[in-house]
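K.L.:
A predicted structure for the sequence below; I have some questions about it.
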Number of protein chains: 2
Amino acid sequence: MSQPLRIWIGLRFTDEVVASLRAMLAPHEVVISPLASTSNVNPGGRDDSGRDCDVLFGQPHPDDIAANPRAKLVQLGSAGYTRYDNDAFRAAVAARALPVCNSSSVYDEPCAQHALAMILAASRQLGAAYVEQREQAWNLGPLRLGSTLLRDQSAVLVGYGAIARRLVQLLQPFGMTLLGVRRRPRGDEPIAMIPTPQLDARLGEFDHVVNILPLSESTRGFFSAQRLGQMKRGATFHNIGRGDTVDQDALIARLHDGHLGAAYLDVTTPEPLPRGHPLWTAPRCYITPHTAGGWHDEPMGLLRHLAANVRRLQAGEPLLDRIA
Amino acid sequence: MSQPLRIWIGLRFTDEVVASLRAMLAPHEVVISPLASTSNVNPGGRDDSGRDCDVLFGQPHPDDIAANPRAKLVQLGSAGYTRYDNDAFRAAVAARALPVCNSSSVYDEPCAQHALAMILAASRQLGAAYVEQREQAWNLGPLRLGSTLLRDQSAVLVGYGAIARRLVQLLQPFGMTLLGVRRRPRGDEPIAMIPTPQLDARLGEFDHVVNILPLSESTRGFFSAQRLGQMKRGATFHNIGRGDTVDQDALIARLHDGHLGAAYLDVTTPEPLPRGHPLWTAPRCYITPHTAGGWHDEPMGLLRHLAANVRRLQAGEPLLDRIA
């Protein structure tokens, strides 16, 4: 057995989960940050409580990573990794052969199920029905007429990674027409694919546009006023990527003027969306508050994934979800 | 070519659909009832406008069927057939070798998609989120914690026919634990099955109870106060069958006292549900107004199905969706 490691935990969990974590990781030592954050989405500031640790788990600040020469593994507790997605960070960790992993395989299943839930909610008019329920009106006719069958519908998946791969599997029995978009199609995807620059010529074809883009300098504002305007009239815009990839004012305008049939959003900008923000009340806009990756057993899912990578690190095996 | 038939249409369609229908059925003669109903759900009264017709399509009154010796086919425009589901009617049509078909294969796809939409809405907390949206509150924590992955969940499908068969196909990629219930399991179902009397001993095991029962004397009030009470605490009750199969007062009580986690209902009793009815405002009760079978191309779907059966009738081939 290799040397026990010191494992820094930068996310806050319940006492019960921490106890499970210690048992799961024994004989390694678990160091809980006193600044541990309950948010897995908003990266925090500097925190030197992990300076003597071998494994850094959570959203460690890049400067804390740089200041820790002992680090053997950085494991991000999220699928998104905007703060680490730049050449300077990649060069720094490459120079010291420090592997960096995210937790995308923890989140692909809930996110893909959430995306399908949104697509089906759109096609079966659930958002409209649950909003109309407060009026106590039995509007059978318009809701039936607005409903669709996915075999007659098409979707473009913008941002083709682990979530889209799983979503394609879940959509398989429906016979829906699908197109995937990624920077560099590999040729082994199970659906038709195009590289990102070809999207503009095709955007107007689809009933559902599913935004799964991570946030980076190249994706910020990707769904611009122009691209939202290119969407087919009556189409539905879905977002389970990041709010900052969308021109939200343009989205709101396109819902008000009726160009878009609906928006199903799991992410917004900013988050939390403040009370009184016009997105809350935009017509046919249905919001889940960044819940797509969540499920009741998420903490244990994350920690099992961490434990698996710690074991792989010590066994010299390939790490899961390595991003740098 | 056999003799052209006179085909009575007892449902109301738009002029455009009627024109398509005449073209589709030519050289047969189409007779539109002056009493044609826009409702495909509530069977109407006597209507003798089909008395000289060979095919009766819609919801013809049983007495009108009896009074028409010329009828060669009765094609119901719905999946449900409560009014025709009794021994007296079956004996009467059997005595004159009059085939009766319903339109279940038109409705199994939208109903199965709707059922999956409800199951995913429950597991991803969409109902709760869209209701909370009106408060403009970003309740990320409780909604994530209340979310589930279907691979960790179980569902019992009560009423195993064409809709359940299709729903099982749609659920296949999720790895959900499934049990089907029907009067007489055939042994060729792709999931574990039990006959109806064994349900009571198993009802408490499931996270989702999906009611797909048609209405008949044996299913009226099937989900009694006792059976709803046997459900697992926190489980979700779904209904895409018929409202009268449920003790709705007991359902409302079990939502108020917190025994049930949620109810996703597409059918109620009565329909339309009147303004002020306590079901509209029962906690965690999410209602679509009998829209599960609908979609924008439903009229053409129904009429293609009618045309297919007319062709089969004349060719002496087995009829689709024959129920008597």
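P.N.:
That came through fine.

K.L.:
what comes into contact with the worst-scoring helix or strand of chain A on mean pLDDT?
P.N.:
Ranked by mean pLDDT, DSSP states H and E, the weakest helix or strand in chain A is strand A:29-37, scoring a mean of 91. By C-beta atoms under 8 Å, 6 or more residues apart in numbering or on different chains, the residues outside strand A:29-37 that reach it are A:4-13, A:18, A:21-22, A:44, A:47, A:49-50, A:52-53, A:58-59. Quick note: C-beta positions are derived from backbone N, CA and C, even for glycine.

K.L.:
Show the subsequent helix or strand relative to that strand.
P.N.:
Going down the chain from strand A:29-37, the next helix or strand is strand A:55-58, by DSSP states H and E.

K.L.:
What's the separation between the residue nearest the centre of chain A and chain B?
P.N.:
Chain A has A:Gly241 as the residue nearest its centroid, 5.0 Å off, counting by C-alpha atoms, centre = their mean. Separation of A:Gly241 from chain B (C-beta to the nearest C-beta, to the nearest Å): 17 Å.

K.L.:
Tell me the spatial nearest neighbour of A:His114, not counting adjacent residues.
P.N.:
With C-beta to C-beta, 6 or more residues apart in numbering or on different chains as the criterion, A:His114 has its nearest non-adjacent residue at 3.7 Å, and that residue is A:Ala292.

K.L.:
Sorry, slip of the keys, the one I care about is A:Pro190.
P.N.:
Nearest to A:Pro190 is A:Val168, by C-beta to C-beta, 6+ apart, at 5.8 Å.

K.L.:
what pLDDT does A:Pro43 get?
P.N.:
We have a pLDDT of 72 for A:Pro43.

K.L.:
got the contact list for it?
P.N.:
A:Gln59, A:His61, A:Arg83.

K.L.:
Could you tell me which residues of the stretch 151-300 of chain A lie near chain B?
P.N.:
Counting by C-beta under 8 Å from any C-beta of the partner chain, the positions of the stretch 151-300 of chain A adjacent to chain B are A:151-152, A:169-170, A:172-174, A:271-273, A:275-277, A:280-281, A:286-298.

K.L.:
Quick one: mark the members of those residues that sit in helices.
P.N.:
Judged by DSSP state H, helices contain the following of these: A:Gln169, A:Leu170, A:Glu298.

K.L.:
Whichever of the residues you listed end up buried, select them in PyMOL.
P.N.:
Listed next is the PyMOL selection for buried residues among those, using 16 or more other C-beta atoms under 10 Å in any protein chain shown:
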select buried, chain A and resi 170+298
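
K.L.:
In chain A, mark out all the helices, start to finish.
P.N.:
Using DSSP H, the helices of chain A run over A:15-25, A:62-66, A:87-95, A:104-123, A:126-132, A:140-146, A:162-171, A:199-202, A:225-230, A:248-256, A:298-315.

K.L.:
Can you say which of those helices is packed in most?
P.N.:
Greatest average neighbour count among the helices of chain A goes to helix A:104-123 (a mean of 25), per mean count of other C-beta atoms under 10 Å in any protein chain shown.

K.L.:
Check whether the residue nearest to A:His114 really touches A:Asp266, as I assumed.
P.N.:
Yes. Counting by C-beta atoms under 8 Å, A:Ala292 touches A:Asp266, with 4.3 Å between them.

K.L.:
got any residues that touch both of those two?
P.N.:
By C-beta under 8 Å, 6+ apart, the residues touching both A:Ala292 and A:Asp266 are A:His114, A:Ile240.

K.L.:
average model confidence for stretch A:308-323?
P.N.:
On average, stretch A:308-323 scores 97.

K.L.:
Please export the C-alpha coordinates of that stretch as CSV.
P.N.:
This file holds the C-alpha atoms of stretch A:308-323, laid out as CSV (Å, rounded to 0.1, in the frame of the first residue of the first chain):
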residue,chain,number,x,y,z
ALA,A,308,-12.3,6.2,-7.2
ASN,A,309,-9.8,8.8,-8.5
VAL,A,310,-7.7,8.6,-5.3
ARG,A,311,-7.5,4.8,-5.7
ARG,A,312,-6.6,5.2,-9.4
LEU,A,313,-4.0,7.8,-8.5
GLN,A,314,-2.3,5.5,-6.1
ALA,A,315,-2.6,2.5,-8.4
GLY,A,316,-1.1,4.5,-11.3
GLU,A,317,-4.3,3.8,-13.4
PRO,A,318,-5.9,6.4,-15.8
LEU,A,319,-7.9,9.0,-13.9
LEU,A,320,-11.6,9.5,-14.6
ASP,A,321,-12.7,12.8,-16.2
ARG,A,322,-9.2,14.2,-16.6
ILE,A,323,-9.3,17.7,-18.1
